[in-house]
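Undergrad: have a look; sequence and predicted model below, questions after that.
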Amino acid sequence: MRIAILGLVITAMLPSLCRAQAPVFEVTPVTSTIKFGVKASVPISGNFDKWDATLTFPSSDVTSGVLDIKIQAASVDTGSGMKNNKLKSKDFFDVEQSPLITFKSTKVTQTGPTTFDVTGDFSIRGVSRSETLVLEVSGKGTGAGTINGTMAFDRKDYGMNSGIPFIKIADRVEVTIDLKVKQISGPRLVYKQ
């Protein structure tokens, strides 16, 4: 009887070997991009050179994933020093007061075999709102692939009410992400069919 109780105590103290590990992924920034575009009389588009993204899964259920993106706002690159400086100013990104632009998912909904709506908290200029990133993944089931996504937001919702002299700018900003991901451990993700 004592041996059985001792066995139960030891089993309770040790991590379960049967418990499945969570899938672990890494994002490769070197081959990934985060871009944006705004319709304007002189089109404004560009990318961010410095950012970090993590994709974590507490379980193998693909909808349990959490996408966390942190962008260095001052790394904006439109190909024009004048546009870059204007976007970094307090009229737009206000990089002095708010150096990071962030998105952290709060809910993942699978909408098709390889498509997802990812709702999350989007923060820019110290203002946070819920926005939805529409994603499509490639490489399903292989442990490596690409996450392509788009999100549109109204810049005025985040206090970017100014314009640029002599340039008419739309309110809608479109963000596109192209993330290369690779699974480094754990079981394969489980998708709805």
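TA: That came through fine.

Undergrad: could I get the full set of helices for the chain?
TA: 2-13, 81-88 (DSSP state H).

Undergrad: among those helices, which gets the worst mean confidence?
TA: Among these, helix 2-13 carries the lowest mean pLDDT, a mean of 44.

Undergrad: need the contact list for K180.
TA: 27-28, 31-32, 145-146 (C-beta atoms under 8 Å, 6 or more residues apart in numbering). The way it works is simple: take the backbone N, C-alpha and C, and place the C-beta from them, glycine included.

Undergrad: most neighbours among those residues, which one?
TA: V27 (20 neighbours; other C-beta atoms under 10 Å).

Undergrad: follow-up on the earlier one: nearest to K168, of the contacts of K180?
TA: Of all the contacts of K180, K168 sits closest to S32, with 31.9 Å by C-beta to C-beta.

Undergrad: I'd say the closest one and L179 touch.
TA: Yes. In this structure, S32 is within contact of L179 by C-beta atoms under 8 Å, at 4.6 Å.

Undergrad: across the sheet, point out what pairs with the residue nearest the centre of the chain.
TA: Closest to where the C-alpha atoms of the chain average out (C-alpha atoms, centre = their mean) is I69, at 4.1 Å. Assessed by DSSP bridges, I69 has beta-bridge partners A53, F103.

Undergrad: that one touches M151, doesn't it?
TA: No. I69 is beyond contact range of M151, at 10.4 Å (criterion: C-beta under 8 Å).

Undergrad: what do these two both touch?
TA: 103, 177.

Undergrad: partners of I44 in the sheet?
TA: Residues in beta-bridge contact with I44 (DSSP bridges): V38.

Undergrad: pLDDT at it, what is it?
TA: Value for I44, per-residue pLDDT: 88.
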